[in-house]
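In: here is a sequence with its predicted model. Questions after.
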Amino acid sequence: MAELVFWFVAAITIISAGFVVLNNQLIYSAVALLFTLFGVAGIYVFLWADFIAGIQILVYVGGILVLVIFGIMLT
């Protein structure tokens, strides 16, 4: 069961990362980046690196992505 969840998280991460790169609209790329960063945090959880996963969510999803979306909305 855990292996199935891992492959699902890995697939979501790879698909959303491809969507970030290949999409023309910035806001959709930013939303796909949200899923990519959450997927990377999920992979960290599977590696038993819970602290790194928490920092990933706090710093990148909570901080960097909010700044990216705020910058997109201002322009």
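Out: That came through, no problem. Numbers count the residues shown, from 1 in each chain.

In: ok, now how distant is the nearest residue to Val61 once chain neighbours are set aside from Met1?
Out: Counting by Cβ to Cβ, 6 or more residues apart in numbering, Val61 lies nearest to Leu37, which is 4.9 Å off, once chain neighbours are set aside. C-beta here means a position set from N, CA and C on the backbone, and glycine is covered the same way. Look at Leu37 and Met1: by Cβ to Cβ, to the nearest Å, they are 24 Å apart.

In: could you do Gly62 as well?
Out: According to Cβ to Cβ, Gly62 stands 29 Å off from Met1.

In: name the residue in Leu37 and Met1 with the higher neighbour count.
Out: Comparing Leu37 with Met1 by neighbour count (other Cβ atoms under 10 Å), the higher total belongs to Leu37, at 22 against 5.

In: could you pull out the strands in the protein for me?
Out: Here the chain has no strands by DSSP state E.

In: helix or strand with the lowest mean pLDDT in it?
Out: When each helix and strand of the chain is scored by mean pLDDT, DSSP states H and E, helix 65-74 comes last, with a mean of 89.

In: which parts of that helix are buried?
Out: Using 16 or more other Cβ atoms under 10 Å as the test for burial, helix 65-74 gives Leu65, Val68, Ile69.

In: and the first one, how far is that from Ile57?
Out: In this view, Leu65 and Ile57 are 10 Å apart by Cβ to Cβ.

In: need the residues touching each of these two.
Out: Leu37 (Cβ atoms under 8 Å, 6 or more residues apart in numbering).

In: how far out from the middle of the chain is the least confident helix or strand of the chain?
Out: Centroid separation between helix 65-74 and its chain, computed with Cα atoms, centre = their mean, to the nearest Å, is 15 Å.
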